[in-house]
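J.: Quick one, what's the 3D model for this:
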Amino acid sequence: MLALAALTLAGAAAKTQRLHLATATIVASRWPYLPGSVIPLRIEGIAPPYSTSILGPGRLLHDTYALPITSQAGTALLVFGNQSGLGTARLRIGAPPVARPLLLVASYDEGLVLHDERNFSVIGVLATGGVPSDVAVDGTGEAAVTDTQGTQLTLARLASSWDVGRVGDVPFGDEVAADNSIRAIFVTNRDLNGSGALTRVARAGDGVVRHVSTGETAEGLAVDERRQIVYVANTNDGTIALVDARSMRIIRRFPAVPRVFSLALSPDGTRLYAVSNQAVDSPFGKAGEAIEISLAGPLPRIVARSGKLSFPLGVALDDRANTLFVGDEDRGTINVLDARTLRPKRAALGTCSIPWKLTLDSASDRLYVPCAGDNEVDVFDARSLRRVAHAPFATGSYPLAIAVWRP
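T.: Prediction:
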């Protein structure tokens with residue numbers, strides 16, 4: 001009788017049992033995606049494997065959702081789940097940007113965020129399918145965006161009709177710059193076959209991708225278009241490499257400062273500025289600094305050093321005002337230095353958290369500061385050194401770099 005009672009109770013419990021499914025969510029931008037986007041599907045709340053379906057334009061490729069370049073403004077519904085949970089997400093699709101001055105922000109977590117340069121409003125997001133660390137625009141109106149964790153360079157045509165393409169064999173891209181004199185794009189590679197490297201992507205002629213090893217962990221980049229020389233900062237061996245832009249051969253390599261990170265070149269090509277990305281209270285145990293290197297003689301030589309800097313990171317040169325701006329990732333400030341002596345010209349400018357790669361737009365005399373720690377961009381008038389109206393403004397998650405394009 002006891003056994004029969006136990007079986008009866010067990011049967012009753014089974015009949016009243018309820019199944020609770022987890023709620024799955026997708027990590028997506030709050031702004032509309034632009035045609036040509038490749039959106040990584042980062043799903044939270046359930047563990048893989050899971051199934052995904054789409055109602056709307058585009059197609060699913062492994063763990064990404066690709067929007068065709070012909071997509072019209074509207075929405076797409078994504079449904080994803082497995083036996084543990086279920087979720088839906090409605091993604092907004094934006095129209096391609098029309099010809100207007102644009103700010104292009106490389107957002108590590110979201111892609112390339114396009115802002116209206118006049119009022120800083122967001123136009124849309126070009127998801128690159130990778131992890132952007134930098135962006136540059138060439139003279140034809142084509143933007144190049146790196147993937148610091150992958151192997152593709154994303155190209156977005158801003159002039160004339162909107163278009164998006166991708167170039168492979170550009171691994172672990174860090175910084176990017178355009179050389180309009182030879183129609184090429186240069187990218188520093190943190191690692192290529194065990195060494196830091198420089199990649200050249202030809203935009204005219206054969207279109208070939210070429211590499212050259214430069215040192216350990218190539219990061220900083222500066223291009224002298226008049227002399228066809230590319231300068232590469234090799235962070236982990238403290239050297240700077242000079243590369244012939246046409247032949248892609250090393251001209252020379254010389255010691256600069258420990259943890260050399262960012263570079264800025266004077267317009268006449270005679271002075272190169274570099275930053276030592278160190279801090280006393282960091283694992284490196286030494287203070288950072290900025291240096292000025294003369295390129296006028298037969299060999300590069302250091303001609304000026306700043307005082308100790310807390311944790312310098314990005315650098316920008318205002319040659320007309322004889323000012324070097326150096327961001328400090330520890331203090332959230334911008335050091336304002338005399339470009340000839342590297343002595344402070346005034347007290348540091350307070351800005352938002354983790355100022356990364358600084359950009360000086362000489363056409364508007366504005367200094368743009370991507371603040372990775374606050375998901376914002378700060379903007380200063382380079383003459384008055386006052387913050388401009390409506391700054392700082394919100395942008396994509398973890399912004400690292402900015403480029404300005406004017407039709």
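
J.: quick one, domains of this structure?
T.: If you go by automatic domain parsing, the domain ranges for the chain are 21-93, 102-405.

J.: out of these, deepest packed?
T.: For the domains of the chain, average neighbour numbers computed from mean count of other C-beta atoms under 10 Å are highest in domain 102-405, which has a mean of 20. For every residue, glycine as well, the C-beta is placed using N, CA and C.

J.: Might you list the low-confidence residue ranges for this protein?
T.: For the chain, applying pLDDT under 70 flags the ranges 1-20, 204-206, 282, 284.

J.: cutoff 50 now
T.: Filtered on pLDDT under 50, the chain yields the residue ranges 1-16.

J.: Quick one: residues contacting the closest residue in space to Thr140 that isn't next to it in sequence.
T.: Excluding the flanking residues, the one nearest Thr140 by C-beta to C-beta, 6 or more residues apart in numbering is Ala159, at 6.2 Å. Shown in contact with Ala159 (C-beta atoms under 8 Å, 6 or more residues apart in numbering): 99, 140-142, 407.

J.: With distance to Thr52 and secondary structure as added columns, please give those residues in CSV.
T.: Shown next, in CSV, are those (distance: C-beta to C-beta, whole Å; DSSP: H, G, I helix; E, B strand; the rest coil):
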residue, distance to Thr52, secondary structure
Ala99, 36, coil
Thr140, 37, coil
Gly141, 35, coil
Glu142, 32, strand
Pro407, 38, coil
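
J.: could those residues go into a markdown table alongside distance to Tyr50?
T.: Shown next, in a markdown table, are the contacts of Ala159 (distance: C-beta to C-beta, whole Å):
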| residue | distance to Tyr50 |
| --- | --- |
| Ala99 | 41 |
| Thr140 | 42 |
| Gly141 | 40 |
| Glu142 | 37 |
| Pro407 | 43 |
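
J.: Tell me the one among those nearest to Ala22.
T.: Glu142 (43.5 Å; C-beta to C-beta).

J.: I figured the closest one hits Arg157, correct?
T.: Yes. Here Glu142 lies in contact with Arg157, judged by C-beta atoms under 8 Å, at a distance of 5.2 Å.

J.: Please enumerate the shared neighbours of those two.
T.: Shared contacts of Glu142 and Arg157 (C-beta under 8 Å, 6+ apart): none.

J.: quick one: the helices in this structure?
T.: 2-16 (DSSP state H).

J.: which residues touch the most centrally placed residue in it?
T.: Taking C-alpha atoms, centre = their mean, the centroid of the chain lies closest to Ser133, which sits 2.4 Å from it. Shown in contact with Ser133 (C-beta under 8 Å, 6+ apart): 106, 108, 146-148, 173-175, 400-401.
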